[in-house]
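1. fold the following, please.
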Amino acid sequence: MWCVDMTNKALEIGTKLLYRTILTRIIAVNMGDLPDGDLSIPQRQCLCHAHMHNEPSVGEIAQGLEISNVAAAKLIDRLVKKNLLFREEGKKDRRVIKIKLTAQGKYWIEHYKAKQTQIFEGIIARMPPEAVLDLQNGLMEFFRAAFETPEQLEKICLRCGREHIQDCPGNLRYRELTGHDKEKN
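-> Take a look at the predicted model:
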């Protein structure tokens, strides 16, 4: 059974799945007060992916952002030059390069996420309560209609990484289909 009373965080995640570009662009317009607020959308997505996934490789970032390994390497290079990311050789295998946030990168992520939440909560607060409930119910029905198999959900999952949200709409639908939660990535 689905939990009709989702948290705002879960609703935010579900909204990102459907309207990622719109929300991303609204946030981009309001990022002027962040350090390096002029980062491109792919650069912000790369930082967020590196934050959400513990020490990803270039290939893992490429896969997560759905870009080529070459494009991911260039993106990482630009963020290294901005002192937001750094590369570290693997301790067991020096050929494995792990991508990590610098202190400045962590600071940026904290402020970005706070700004993102502030903007999203502002949007929700301007909606009448019945419209928020309608949005929640509509989103859940959309997920039911769109995703009939766990494999379909795997293809669109945002890979919450460290922040695996149990009441994410994707996880709720996955649980409904399989009887258990998705594994944390």
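
2. name the SS class of Arg87, please.
-> strand (DSSP: H, G, I helix; E, B strand; the rest coil).

3. how many neighbours does it have?
-> Neighbour count for Arg87, taken as other CB atoms under 10 Å: 14. For every residue, glycine as well, the C-beta is placed using N, CA and C.

4. please name the residues that touch it.
-> 76, 80, 97-100 (CB atoms under 8 Å, 6 or more residues apart in numbering).

5. tell me where this protein has strands.
-> 85-89, 97-101 (DSSP state E).

6. pairing partners for the last one, with directions?
-> In the sheet containing strand 97-101, the strands it pairs with under DSSP bridges are strand 85-89 (antiparallel).

7. how far does the partner strand sit from its chain's centre?
-> Put simply, strand 85-89 sits 21 Å off its chain's centre (CA atoms, centre = their mean, to the nearest Å).

8. buried residues of it, list them for me.
-> Going by neighbour count (16 or more other CB atoms under 10 Å), the buried part of strand 85-89 is Leu85.

9. now it: mean pLDDT?
-> The average of the pLDDT scores along strand 85-89 is 92.

10. circling back: now distance to Ile165 too, for the strands of the chain, in CSV please.
-> Below are the strands of the chain laid out as CSV (distance: least, CB to CB, whole Å):
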stretch, distance to Ile165
strand 85-89, 24
strand 97-101, 20
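
11. so which of these gets nearest Ala131?
-> strand 97-101 (36.9 Å; CB to CB).

12. check which residues of the closest one are buried.
-> By neighbour count on 16+ other CB under 10 Å, the buried set for strand 97-101 is 97-99, 101.

13. among the strands of the chain, which comes closest to Cys48?
-> strand 97-101 (10.1 Å).

14. outside of the closest one itself, list whatever touches it.
-> 47, 50-51, 55-58, 61, 76, 84-90, 109.

15. quick one: it to chain centroid distance?
-> With CA atoms, centre = their mean as the basis, strand 97-101 stands 18 Å off its chain's centre.

16. rebuild the buried residues of strand 97-101 as CSV, extending it with distance to Ser68 and pLDDT.
-> Formatted as CSV, the buried residues of strand 97-101 follow (distance: CB to CB, whole Å; pLDDT from 0 to 100):
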residue, distance to Ser68, pLDDT
Ile97, 16, 88
Lys98, 19, 93
Ile99, 16, 96
Leu101, 22, 96
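
17. most widely separated two among these?
-> Counting by CB to CB, the most remote pair of these is Ile97 and Leu101, 14.6 Å apart.

18. and the closest residue to Val132 other than its chain neighbours, how many neighbours?
-> Spatial nearest neighbour of Val132, chain neighbours left out: Ile124 (5.9 Å); criterion: CB to CB, 6 or more residues apart in numbering. The number of residues packed near Ile124 is 16, by other CB under 10 Å.
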